[in-house]
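>>> Pasting the sequence and the predicted coordinates here, then a few questions.
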Amino acid sequence: VWVYTTGKSNSCERPLAILLDGQFWAQSMPVWPALAALTNAGQLPDAVYVLIDVIDNTHRSQELPCNADFWLAVQDELLPQVRVIAPFSDNADRTVVAGQSFGGLSSLYAALHWPQRFGCVLSQSGSFWWPHRGGEGDGIIIEKLKNGELNPQGLRIVLEAGVREPLIFRANEALFPLLQRTQQPVFWRQVDGGHDALCWRGGLTSGLITLWQPLTRAR
């Protein structure tokens, strides 16, 4: 796990962003300079960023797709340890969960099941087809939204998908109107690309700006 803070504030009211596939944003395509520059420019608030390593593909495929135990461990075990070294707000509307592919699926799952803790979602190329890779049925989140088992309210959600990732793009297109029915802000971004980290880099920072816009306006 990497913990990164921006700005000069050490306030316990600082917003929190949890970035899944943290090893990617820490090592493969480091996001630190962009976050620092956007904060200094006033486009992002002073914040605490927690980047969670997936360990390996086996753990990733078990922990990220709709796994309650993973998110309970994040809330009950990880975040209390992070707070000791980098205080942050408990407010859901100041907390972003961001992820790509299985991470996008996991981010929305977290907010739908613990909206009192995770109020903002950034899903990029979210695998909302899961667990039906062949596309023969609705993904589990889409199915539960359709039948009323999930009724999201009060969330801020950014959905992003590329037109060149057809299975994922179709699933996101099906998900978008279901989320809109409950009236919370849902921002849809269609990208002319595929399952591509180069697309995700720009989408990550622009998504954070969109989700935290109420905080930067209040400055």
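Looks like it came in fine. Nothing here was measured: the structure is a model prediction, and the numbers come from that model.
>>> how about the strands of the protein, start to end?
For the chain, applying DSSP state E gives strands covering 2-5, 16-19, 48-51, 95-100, 120-124, 156-162, 186-191.
>>> Leu112 is nearest to which of those strands?
Nearest to Leu112 among the strands of the chain is strand 120-124 (8.6 Å), distances taken as CB to CB. For glycine as for every other residue, the C-beta is placed from the backbone atoms N, C-alpha and C.
>>> could you give me the average pLDDT of that closest one?
Taken as a whole, strand 120-124 carries a mean pLDDT of 98.
>>> Does anything pack onto it? Which helices or strands?
strand 95-100, helix 102-113, strand 156-162, helix 197-211 (3 or more CB pairs under 8 Å, 6 or more residues apart in numbering; DSSP states H and E).
>>> how about the CA coordinates for that strand, as PDB?
What follows is strand 120-124, C-alpha atoms only, in PDB (Å, rounded to 0.1, in the frame of the first residue of the first chain):
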ATOM      1  CA  CYS A 120     -17.900   9.000  -5.000                       C
ATOM      2  CA  VAL A 121     -17.100   6.400  -7.700                       C
ATOM      3  CA  LEU A 122     -14.600   6.600 -10.600                       C
ATOM      4  CA  SER A 123     -15.100   3.500 -12.700                       C
ATOM      5  CA  GLN A 124     -12.900   3.200 -15.900                       C
END
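>>> what's the angle between it and helix 102-113?
150 degrees (axes from the mean of the first three to the mean of the last three CA atoms, to 10 degrees).
>>> low-confidence ranges in this structure?
135, 183, 218-219 (pLDDT under 70).
>>> could you measure the nearest residue to Asp53 once chain neighbours are set aside against Pro30, distance?
Leaving aside its chain neighbours, Asp53 sits nearest to Gln23 (4.6 Å; criterion: CB to CB, 6 or more residues apart in numbering). Noted for Gln23: a distance of 11 Å to Pro30, by CB to CB, to the nearest Å.
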